[in-house]
Every structure is written in structure tokens, then in C-alpha cells.
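1. have a look; sequence and predicted model below, questions after that.
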Amino acid sequence: MRSFERKVSIRILAIVVLLLLVLGYQNGNQSQPITIVPLLTSDSQATSPQAGGSSSTESSIGNRTPASNGSGAMQSTIQPKSTMESSATAEINWREVPVMPEISQRVFEIYRDGQAQGRNPHNFSVIGDCQAIPLVFLGPFERGELQPDSSESYLWDAIHQFKGSFSRTGMAVRGGFNAASILSPLQADPHYCLSGETPLTCEFRLQNPSIVFVMLETWLDPNTVDRYESYLRQILDYVIEKGTVPILMTKADAAELGNGVHVINPAIVRVARDYDVPLINFWRSAQYLDNHGIDPNREGFHLSPEGYKLKNILALRTLYKVWTEVEQKGINPGATDTPGAPTATPTLQATPTSQAGLQPTVPDCEGGCIFMGTAISHDGKVTSHGVLAINYLTKKLTQILGEGFDLQDVSEDGQRLLVNHTNNLYEINLANASASLISESFFSFGKQDAYWNRDDSQVIYIDQDHPIRTETDQAFNLFPSTRDGEIYFEGGSCTLKANCQSSGVYHQDSNKIITHMDSYSQLVFSPDSKFVAFLDPSAATKENYYHIYYLLLEEVEQGIKSRRSLYFPEATGFMVNPAVREYAFSPDNNKLFIIYDIYSDYFERSLRIQTYMYDIPTRILYDYGKIIGVSGSLNPHLVWTPQGNKVLFFLTDVTTDNQYSMSIYQTNLETEERLAPYAQGIITSNDYFYITNQYWR
């Protein structure tokens, strides 16, 4: 009987659907044909474009076979289930997607892979904008401002399991962030992240999460929402490759257009479907709140107190659901007892290079050359990238030595170079293209670890077998001066190249007595070492986001009683905190050129650089122009001509296709030409690169 009734019901339903289709066809221009759209519901799993066997381009991120990553952990064996483009299947009715997700088999696979890689089962991270900072998202649970209802007391288990993650301000969450920001090294916090790291890669290195909330709710141009979706997919590719479970969430507002039309929510739901990962449909749940959970007294983007409370509860429920279900599957037995070990950061390994194998290319330096060492950073791992020279007259760029080599110093006649290949320090003689090995135990993790003495007859360098030791640590960076017999250095510890923790600046006198110079940092000596310019480390405070906005100058022999403070014109703006970036003395010791970075801590990048020249005898500060852009955030450099009449600025910018491009600008003190383009795009790279040391001879 029941079978018969079921058959009759199916037939009636088929007739109704057929009539509707016919009516839709007959009314042609008056209404659109009905399309039956599959919904992502709690009892149906989304299939990826690749799962059905359709062709697609495989993601370029990640190794698809088990392999060691050099740190002892295994690389991902999980393949992203979606490419940079969404599938061609029918669009989802995103409004009808369930509020709470079901945990698919794919989540178990991702989590299992992450535990094999060493993700920490006690840590989660948040990737998001101002709606996701711990002040309003999840942090209230750990601060005691919000508590689970007594009927959901089991949620306390998740609060205890992930203790410390709730109130932590991560590297990938900040007001003003969008999907593109997460993938840009320009947006990484310079106080915690390594050179070249993005907010995403920095967060994973520091937090090593097993679960991550992805909540990016803003995109300024609704006409390019496809770019938002593309960036979101790149983020998920990286997260899943790391074996971390992403949790996505729709948003309550439609502020991107201001007319109630959603463009971001459909993209979020498409991505969640294609990757088959948990999605919280916060929008649907918020429809039952007053004003749909939006604060009526603000701009239509920020939530009301009830909206924030609901959002937090849904997130906590989902966190508990993911954690307990993967644990019940036996993926991570004993996870509540033993934290997972973070993935080790690889250190720079010494690769000896034989003296006989060195074959430097001799540049044409008629008219003078600017010599420079270069480094490249990929996800925070910095490697030396070669020694270059550019002829000032012809603008020809010559690679003297290739990848793995760095420049330490150049003799005054421009014929002898101090270079290193990790722990091997060499003298390169350009007159006969020869190389002489100076040391096989050279320490190479600092910015500059070797230089010539006053008359270029001796080399001062840091020997890792015989280090210069302070009471607590040892030297890792030298400040070149012509005060023979004395050494100025920075002490601390290093884990890899360009990743060192400083304990301060020290002075070793001719009797090898070491004194801590506690009010000095970033020393630069004049060519005759009469003057020293430096920064005051105590000026870097929490209030100014640790930027130092003034420069100090004093005579070395006179010390503090000769000290001058160089203050620059005030820069205004929301969370704008200027910083002195680079400074160098003229060859005649009488002038000091400065790059002053007008930096926004809201956007975490430079807005422009301002250049100044300080005349030491007259004590007058001259404004020498500005350049708009982000170059102040990308290790700007300046160098004086040997004649002291010109200054070249080596500035890096980011192109529209996200490449790094270095250009040269020139200021001529005789003609008053200021920051004129000299050579554009001399070096381009997909990875962040910068100049280590530079000399004009």
C-alpha cells in the first residue's frame, strides 16, 4: 500500500513540474523558465568540479605526493578540490544553505593530513577583517564577557581545548584586511613576520593551527568580485595543503553595493561547496534578529550586539563540532593531552664552495659602478641571490656572482670585493678575476658581517668559531667604521639569515673591553668616522607602533654632549606613524641624506617616502621631495656618488600583476633635480627581493 501511494505521489509531482515548465515556455517574454537548482543541504554533499571527472587546471600550490619538507614533517597529500575558477554547474541558492554545517569525509582527510604534518590540535587561527578581530569575535569567550548557555555547557570543552587562541590577535586578522591583503607581503606585520612572508604564511609559522576561520567580508569593487573569489580560493589552497581545516562563514550585510544585493555571500558559498569544507550560514540565522543583526546606528556594515553574540555562538558550536567529530573518528587520539609540535622553520645550511669554482664576471666600470648584494625571500626564508654591479653611465647591469653569494664590502678603488657564500668568505679581485678564500667559518646571518679597515689592508669579520661574546649572547651584525682597533656591533641570536633577535648595540675598544651602548641602534658612521648617526631604541613605543620618527647625530669623540636631534615635518592621518628608514653620509662628511617613511599602521604599509638632506655645518634640514607608493615598506636604499654631488635611490614597488620591481631615482644637488627617474624596472621578481649592502665606487 505504501509503495503504491509513493508511486502515485511521484507521478503527481512529475505532472505538476511538467505543467510549470510548459507555462514558463508559453509565457516566454513575461517570465523566465524554471531552473531546478541543487542545494547544499545538511544531507547532501557538494561535489567538486574534479570529483565528477571533468577537466580542470590543478592548483599550483602544494606537493601531491608524500615527501619530506626538510623539517622532519610530511608534506600534504591532500589535493585541493577546486581550482581558481568555480565549476560550471548551476548556481546555489545560497540563502537556503543550512545555518550549521555537516562535517564531510573531506574534513577528516584534511585534518588527518595536518596531524601527520604536525599541526597543533590545540590551536586555531582567524583570517579576517575588523569583524573578526578578537575584540568582537571569539575573544569574548576567553575574556569571560560571553558564555555558552547552560543548555550548551559542553561547549566549554572547546574553550578549554583551544585556550589561548580565542583572545590572541593573529597575523592574518586586522581592520582593513581583504582577501588580497592576506596574500601580500606588504601587509605582514614587520614586528613579527619574516621578510617576504605574507600575513597568511606568517600566521601559520607562528600559530601552526589545525583549524582556521576564514571571514573576509569586504571587497571595495563589486564589479571585480571574481578577484575576491580567486584570492579566497588561493587562501584555501594554502590552508588545505597545510592540513588545516577551513571554516567559512557568510556575512549579515550587503554593504558592498549598498542596495541590498549580495555579491560576496554567493562567492563564499560557491567556494565552500567546491572545496567541500564547513560553512556557517550566518546570514540566514541573522534574518531573525532585529534589523537582521546590523547596527542601525552605523553604516550598515557592523553588527549589533545581538548580531555579534549570535555570530560568536555559531562559530563556537562549529568549532566544537569539527573538533569532536575528527576526534571521534580517531584521527587524533589523545589530542586533549599532548599538543602537536609546530613545524620547524628550516635554517640556512652552509654549502662550501671551492675557491677554484669561483668565476666572477668582471663588470665594465668606466665612469663608476654601483655594487650591490641581493637577497630573495620566499615565505620568510631568505637566501643570498647574487652580487651585481650597474654602470652609472651606460646603466648596464652585470651579475658578478650568482645565487648563493652576497656582498659584504668593496675597497675604495672598486677593485676588491668581500663576498661570501654562506660560511665561506672570499676576496674577489676584479683586476684579474681571481678569488682568495679568507675564512671557512664566516658568520653570515647578519646584514653585514665583514668590512675593510681604514686603508683596505685588513678585513674585520665575525668568525663563528671565535665569536665576539657579550655577557648574554654574541655579535651577529657589524657597523663599519674607520676607527681601527675598535669594533661596533649588534649582539643577539639568529635562527637563520636575516632572522635575528637583537639585545642591543655594543662597542669593543682596542683593549677588547666591551661596553653596552643602550641608547643606540642602527649606527651609520661618516667616512672619516668623526660623526655617527643613529636611532634611539627607547623611541619605539607601543603608542607609535614601534616606529622611530627622529634621527640622532653626534660626534664620536664628544659623545652625548654633542648630540643633535633631527625632527622632521609632522605627518598626519589616521594611524600614520612615520619612521626613519635609511640614512647615509656624503663622501665629504658634511651632509646626511635621509629616507623618511610615511607609514600607515592601519594599512600596514608605506604611503609615501619623503627625502631630506641635513647640512651638518649649518644644521639646516632641506626637503628633497617625495614619492607616493609602498617602496618605504620594501627596504629602500640610497647611495652617494663618490664626488658627493648626486644621490641614487633604489626603490622597490609592486606591479599590477603582483611582481616586485626595482627602479632607480636620482637627485642632483648641483642642478636641484629631485627624485627623477633614472632607470626603471632594473630587476623584477615574483618573490620579494632586496639589496643587502651597496657601494658606489
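-> That came through fine. Quick caveat, the model's predicted, so the values are computed rather than measured. Numbering: from 1, shown residues only.
2. residues touching Ser210, list them.
-> By C-beta atoms under 8 Å, 6 or more residues apart in numbering, the contact list for Ser210 reads 111, 114-115, 119-124, 243-245, 340. C-beta coordinates here come from the backbone N, C-alpha and C atoms, glycine included.
3. please enumerate the helices of the chain.
-> 2-26, 105-117, 139-142, 156-161, 199-207, 225-241, 264-275, 282-286, 305-328 (DSSP state H).
4. from the chain's centre, how far out does stretch 679-697 sit?
-> Offset of stretch 679-697 from its chain centre (C-alpha atoms, centre = their mean, to the nearest Å): 19 Å.
5. now do that stretch, average pLDDT.
-> In this model, stretch 679-697 has a mean pLDDT of 93.
6. buried stuff in it?
-> 679, 683, 685, 688-697 (16 or more other C-beta atoms under 10 Å).
7. ok, Tyr678 - contacts?
-> Tyr678 neighbours (C-beta under 8 Å, 6+ apart): Lys395, Leu648, Ser663, Ile664, Tyr665, Gln666.
8. where does the stretch 351-500 of the chain have low pLDDT?
-> 351-357 (pLDDT under 70).
9. sorry, back to before: need the helices of the chain in TSV (columns: mean pLDDT, mean neighbour count and distance to Met171).
-> Listed next are the helices of the chain as TSV, based on pLDDT from 0 to 100; neighbours: other C-beta atoms under 10 Å; distance: least, C-beta to C-beta, whole Å:
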stretch	mean pLDDT	mean neighbour count	distance to Met171
helix 2-26	43	10	52
helix 105-117	94	21	19
helix 139-142	93	20	16
helix 156-161	94	16	22
helix 199-207	95	23	4
helix 225-241	91	21	14
helix 264-275	92	24	22
helix 282-286	91	21	24
helix 305-328	93	19	19
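10. so which of those helices gets nearest Gln558?
-> With C-beta to C-beta as the measure, helix 199-207 is the member of these nearest Gln558 (42.8 Å).
11. and the contacts of Ser210, which is closest to Pro305?
-> Closest to Pro305, out of all of the contacts of Ser210 and judged by C-beta to C-beta, is Phe124, at 23.9 Å.
12. so what's the closest one closest to, chain neighbours aside?
-> Using C-beta to C-beta, 6 or more residues apart in numbering and skipping the chain neighbours, the partner closest in space to Phe124 is Ile211 (4.2 Å).
13. turn the helices of the chain into CSV, including distance to Gly629.
-> Below are the helices of the chain laid out as CSV (distance: least, C-beta to C-beta, whole Å):
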stretch, distance to Gly629
helix 2-26, 55
helix 105-117, 38
helix 139-142, 35
helix 156-161, 44
helix 199-207, 20
helix 225-241, 21
helix 264-275, 28
helix 282-286, 37
helix 305-328, 37
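14. nearest approach to Ile514 belongs to which of those helices?
-> helix 199-207 (32.9 Å).
15. work out the gap between the closest one and the centre of the chain.
-> Worked out by C-alpha atoms, centre = their mean, helix 199-207 lies 8 Å from the chain centre.
16. what is it packed up against?
-> The helices and strands touching helix 199-207, judged by 3 or more C-beta pairs under 8 Å, 6 or more residues apart in numbering; DSSP states H and E, are strand 120-128, helix 225-241.
17. still on that earlier bit, isn't the residue nearest to Phe124 up against Gly243?
-> No. Judged on C-beta atoms under 8 Å, Ile211 makes no contact with Gly243 at a distance of 10.7 Å.
18. same drill for the two, tell me which one is more crowded.
-> Per other C-beta atoms under 10 Å, whichever of Ile211 and Gly243 has more neighbours is Ile211, with 28 against 24.
19. name whatever forms a beta bridge with that one.
-> Taking DSSP bridges as the rule, Ile211 bridges to Phe124, Val245.
20. kindly report the same for Tyr451.
-> Residues in beta-bridge contact with Tyr451 (DSSP bridges): Ile460.
21. now do the contacts for it.
-> So Tyr451 contacts Gln408, Asp409, Leu418, Val459, Ile460, Tyr461, Leu478, Pro480 (C-beta under 8 Å, 6+ apart).
22. include distance to Ser285 and neighbour count when you put those into JSON lines, please.
-> Shown next, in JSON lines, are the contacts of Tyr451 (distance: C-beta to C-beta, whole Å; neighbours: other C-beta atoms under 10 Å):
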{"residue": "Gln408", "distance to Ser285": "61", "neighbour count": "26"}
{"residue": "Asp409", "distance to Ser285": "64", "neighbour count": "23"}
{"residue": "Leu418", "distance to Ser285": "65", "neighbour count": "27"}
{"residue": "Val459", "distance to Ser285": "68", "neighbour count": "17"}
{"residue": "Ile460", "distance to Ser285": "66", "neighbour count": "18"}
{"residue": "Tyr461", "distance to Ser285": "64", "neighbour count": "21"}
{"residue": "Leu478", "distance to Ser285": "60", "neighbour count": "24"}
{"residue": "Pro480", "distance to Ser285": "63", "neighbour count": "20"}
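23. if we can go back for a sec, buried ones only from the contacts of Tyr678, please, as a PyMOL command.
-> To isolate the buried members of those in PyMOL, using 16+ other C-beta under 10 Å:
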select buried, resi 648+663+664+665+666
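24. among the contacts of Tyr678, which pair sits farthest apart?
-> Lys395 and Tyr665 (13.1 Å).
25. quick one, what contacts the closest residue to Gly243 other than its chain neighbours?
-> Distances taken as C-beta to C-beta, 6+ apart place Gly114 nearest to Gly243, at 2.4 Å, with adjacent residues excluded. Under the criterion of C-beta under 8 Å, 6+ apart, the contact partners of Gly114 comprise Ser210, Lys242, Gly243, Thr244, Val245.
26. and which of those residues is nearest to Ala498?
-> Lys242 (23.3 Å).
27. then stretch 529-546 to PDB, C-alphas only?
-> Extracted in PDB, the C-alpha atoms of stretch 529-546 (Å, rounded to 0.1, in the frame of the first residue of the first chain):
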ATOM      1  CA  SER A 529      84.200  58.300  11.500                       C
ATOM      2  CA  LYS A 530      84.000  61.700  13.100                       C
ATOM      3  CA  PHE A 531      80.200  61.600  13.200                       C
ATOM      4  CA  VAL A 532      77.700  58.800  13.900                       C
ATOM      5  CA  ALA A 533      74.000  58.900  13.000                       C
ATOM      6  CA  PHE A 534      71.700  56.500  14.800                       C
ATOM      7  CA  LEU A 535      68.300  55.800  16.200                       C
ATOM      8  CA  ASP A 536      67.100  55.900  19.800                       C
ATOM      9  CA  PRO A 537      65.600  52.400  20.600                       C
ATOM     10  CA  SER A 538      63.600  53.900  23.500                       C
ATOM     11  CA  ALA A 539      61.600  56.000  21.000                       C
ATOM     12  CA  ALA A 540      60.000  52.800  19.600                       C
ATOM     13  CA  THR A 541      56.900  52.500  21.800                       C
ATOM     14  CA  LYS A 542      53.500  50.700  21.700                       C
ATOM     15  CA  GLU A 543      51.800  54.100  21.100                       C
ATOM     16  CA  ASN A 544      53.700  54.700  17.900                       C
ATOM     17  CA  TYR A 545      53.600  51.100  16.800                       C
ATOM     18  CA  TYR A 546      57.400  50.900  17.400                       C
END
